[in-house]
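> Dropping a prediction and its sequence here:
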Amino acid sequence: MTEEKKGFFQRIFGRGGALAEPQPAEDEALPPIRSFTPIAAEEPSSGVTTAEQAQAELPAPATAEPETAEPEAAATETAEPVDPAISAEAAGVPDMPAFVFKKDRAARPAEESPPPTETAEEPPAAIEPPRPSLFARPAPPEPAAAPEPPRVSWFQRLKAGLSRSSNAISQGIASVFTKRKLDAETLEEFEDVLIQADLGLPAATAITAAIAKGRFDKEIEGSEVKAILAEEVAKILTPVAKPLVLDPALKPHVILVVGVNGTGKTTTIGKLSAKLRAEGRSVMLAAGDTFRAAAVEQLKIWGERTGAKVISRAIGADAAGLAFDALKEAEAAGTEVLIIDTAGRLQNRAELMAELEKIIRVIKKQDPAAPHTVLMTLDATTGQNALSQVEIFGRTAGVTGLVMTKLDGTARGGILVAIAEKYRLPIHFIGVGEGVDDLEPFEAEDFARAIAGLAG
Ligand SMILES: Nc1nc2c(ncn2[C@@H]2O[C@H](COP(=O)(O)OP(=O)(O)OP(=O)(O)O)[C@@H](O)[C@H]2O)c(=O)[nH]1
Ligand SMILES: [Mg+2]
């Protein structure tokens, strides 16, 4: 390796793999929400007092509980009345089985299937309606059913989103390998191509080593390089491509959603809520971005749209207190899933990261095991900065899983390979659009083929 190249690697990865220089985010101002009109700040409510008391006094779990949630019901901001057509409660949905969000397209596992109705005495209400596996990609239609299966169009969108990375890689393959025998120089050049595409040094090294194996001093076809690339990327991604698993014993299972400004937290919450509500789960959303009226309004719209109750407070209220109150309310209501939105924050803003720690601390006062899931959203167009985001949010907020959003745009998807290789955090979903259905389970093989520029 040349000195120049070593320097390049060190600039990117620093010593021991840590980022040498966390890149300051470009814009520290909160970005505007394009699709939502800001609303006037809400009237402060008595619920605010409760929230502030809760966080100020931080009661010990067993002794000094703050005021119960009931009196605040009036003060608690909620979404518009839930459409009974999509209300699980209204539909009389019985007790939920484990909601393991399988990625496979098969029917739910046997233990989750509706109980067989062999006895005539079995009241109809006890028969659980069939619930297709959630958070899974829609099953491909029967061959005869439709000429244009949704799976293909989904893959095409992923492929289009990854085209910036895959085109760069394809061009690199063409220029490095065409009419040349495989030697140290070609391998080094291809390693550079992969690094430029954000895959990171360890992955690039593993891929070039796999290409070199048994092929030294021979010519190699571009298609063969792509196949090896896809295989190696899939090897890195497969262990982290994990479905989001929620524990039905928890009421609620608390999901805290964190990430840098504009990475898609609120939109992802809306999409998740839609998936859960479609299964008949009860969902509560907490508008933990208390800085901006537009952010609260945005979540309320998602709540209204998906039939989930939204807990909010006046603008400027303490986010930790809100989270505390929301958890109490969800517990009291027996809600299955509470999803807490948070304000976007740059990972290098210590005071904002401290606020996130406080939110988690206060949640734990109410339930030491919560939040049970800490989802971090990553904007796929970000590139190298995503590494430091995962590093710092991971450390501060105990991130348990990732969602990569905006993979439908001009994504720099290679970074996901570097993140998977370095942090090994589960990747649950990818966002492939702004619509309610544009959240797909993360599939390692598909992603690997798309980034290598292969057909689905
Ligand atoms: N194309 C595309 N746009 C997305 C996706 N996810 C979110 N967006 C858009 O990205 C923008 C920011 O999304 P938000 O959900 O508001 O992001 P956020 O992280 O909540 O933002 P802050 O609360 O300001 O930190 C919005 O315009 C979304 O519609 C996605 O998967 N694909
Ligand atoms: Mg938001």
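That came through fine. Ligands and ions are numbered 1, 2, ... in the order given.
> Surely Ile195 touches Ala203?
No - using CB atoms under 8 Å, Ile195 is not in contact with Ala203; the gap is 9.0 Å. C-betas here are computed from N, CA, C, even on glycine.
> between those two, who's got more neighbours?
Legend: neighbour count by other CB atoms under 10 Å for Ile195 and Ala203, higher for Ala203 (26 against 21).
> What is the helix or strand harbouring the more buried one packed up against?
Per DSSP states H and E: Ala203 is located in helix 201-212. Packing partners of helix 201-212 (3 or more CB pairs under 8 Å, 6 or more residues apart in numbering; DSSP states H and E): helix 3-13, helix 184-196, helix 222-237, helix 414-423.
> so where is the stretch 151-300 of the chain shaky, pLDDT-wise?
Within the stretch 151-300 of the chain, the stretches with pLDDT under 70 are 151-153.
> Indicate the residue of the protein located nearest to ligand 2.
Nearest residue of the chain to ligand 2 (CB to the ion) works out as Thr266 at 3.3 Å.
> tell me the secondary structure for that residue?
Three-state assignment for Thr266 (DSSP: H, G, I helix; E, B strand; the rest coil): helix.
> out of the helices and strands packed on helix 201-212, deepest packed?
helix 414-423 (a mean of 24; mean count of other CB atoms under 10 Å).
> sorry, back to before: is it true that the residue of the chain closest to ligand 2 touches Val296?
No - counting by CB under 8 Å, Thr266 does not reach Val296; the two are 9.8 Å apart.
> what do those two both touch?
Residues within reach of Thr266 and of Val296 at once, by CB atoms under 8 Å, 6 or more residues apart in numbering, are Asp289.
> For Met284, see how far away Gly334 is.
Noted for Gly334: a distance of 10 Å to Met284, by CB to CB, to the nearest Å.
> Compare neighbour counts for these two and give me the winner.
Taking other CB under 10 Å, Gly334 and Met284 do not tie; Met284 has more neighbours (25 against 10).
> which residues sit in contact with the more buried one?
By CB under 8 Å, 6+ apart, the residues touching Met284 are 252, 308-311, 326, 329-330, 333, 335, 337-339.
> Can you verify Leu407 is assigned to a strand?
No - per three-state DSSP, Leu407 lies outside any strand segment and is coil.
> Can you get me a residue count around it?
Leu407: 28 neighbours (other CB under 10 Å).
> Which pLDDT does the model give it?
At Leu407, the model reports a pLDDT of 89.
> Check the gap between it and Thr306 for me.
From Leu407 across to Thr306, the span is 22 Å (CB to CB).
> Same check on Leu194?
Applying CB to CB to Leu194 and Thr306 gives a distance of 40 Å.
> what residues does the stretch 251-400 of the chain put near ligand 1?
Within reach of ligand 1 by CB under 6 Å from any ligand atom, the stretch 251-400 of the chain has these residues: 259, 261-267, 289, 295, 344, 377.
> Widest-spaced pair of those?
By the measure CB to CB, Ala295 and Thr377 form the most distant pair in those, at 14.1 Å.
> re the thing from before, make a markdown table from the contacts of Met284 and add secondary structure to it.
What follows is the contacts of Met284, written out as a markdown table (three-state DSSP):
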| residue | secondary structure |
| --- | --- |
| Pro252 | coil |
| Ala308 | coil |
| Lys309 | strand |
| Val310 | strand |
| Ile311 | strand |
| Ala326 | helix |
| Glu329 | helix |
| Ala330 | helix |
| Ala333 | helix |
| Thr335 | coil |
| Val337 | strand |
| Leu338 | strand |
| Ile339 | strand |
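> From those, pick the one nearest Arg157.
Ile339 (25.0 Å).
> pretty sure Ala234 is touching Ala444, no?
Yes - using CB under 8 Å, Ala234 is in contact with Ala444, at 5.1 Å.
> measure the residue of the chain found nearest ligand 1 to Ala197 for me?
Going by CB to the nearest ligand atom, ligand 1 is nearest to Gly344 of the chain, at 2.1 Å. From Gly344 across to Ala197, the span is 27 Å (CB to CB).
> cool, and Leu439?
25 Å.
> With Leu299 instead?
Noted for Leu299: a distance of 35 Å to Ala197, by CB to CB.
> do stretch 343-356 and ligand 2 meet?
No - Stretch 343-356 lies apart from ligand 2 when judged by CB under 5 Å from the ion; the minimum separation is 6.0 Å.
> buried residues in that stretch?
The neighbour-count check on stretch 343-356 (16 or more other CB atoms under 10 Å) flags 343-348, 352-353, 355-356 as buried.
> Check stretch 305-320 too.
For stretch 305-320, a neighbour-count test (16+ other CB under 10 Å) marks 305-315, 317-320 as buried.
> again with stretch 387-395
With the criterion 16+ other CB under 10 Å, stretch 387-395 contains buried residues 387-394.
> quick one: which of those sit in helices?
387-394 (DSSP state H).
> Adding pLDDT, write these out as JSON lines.
Formatted as JSON lines, those follow (pLDDT from 0 to 100):
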{"residue": "Leu387", "pLDDT": "96"}
{"residue": "Ser388", "pLDDT": "95"}
{"residue": "Gln389", "pLDDT": "97"}
{"residue": "Val390", "pLDDT": "97"}
{"residue": "Glu391", "pLDDT": "96"}
{"residue": "Ile392", "pLDDT": "96"}
{"residue": "Phe393", "pLDDT": "97"}
{"residue": "Gly394", "pLDDT": "96"}
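> can you redo those residues as JSON lines with distance to Lys226?
Below are those laid out as JSON lines (distance: CB to CB, whole Å):
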{"residue": "Leu387", "distance to Lys226": "25"}
{"residue": "Ser388", "distance to Lys226": "30"}
{"residue": "Gln389", "distance to Lys226": "29"}
{"residue": "Val390", "distance to Lys226": "27"}
{"residue": "Glu391", "distance to Lys226": "31"}
{"residue": "Ile392", "distance to Lys226": "34"}
{"residue": "Phe393", "distance to Lys226": "33"}
{"residue": "Gly394", "distance to Lys226": "32"}
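> I'd like those laid out as a markdown table, including distance to ligand 2.
What follows is these, written out as a markdown table (distance: CB to the ion, whole Å):
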| residue | distance to ligand 2 |
| --- | --- |
| Leu387 | 22 |
| Ser388 | 20 |
| Gln389 | 15 |
| Val390 | 19 |
| Glu391 | 22 |
| Ile392 | 19 |
| Phe393 | 15 |
| Gly394 | 20 |
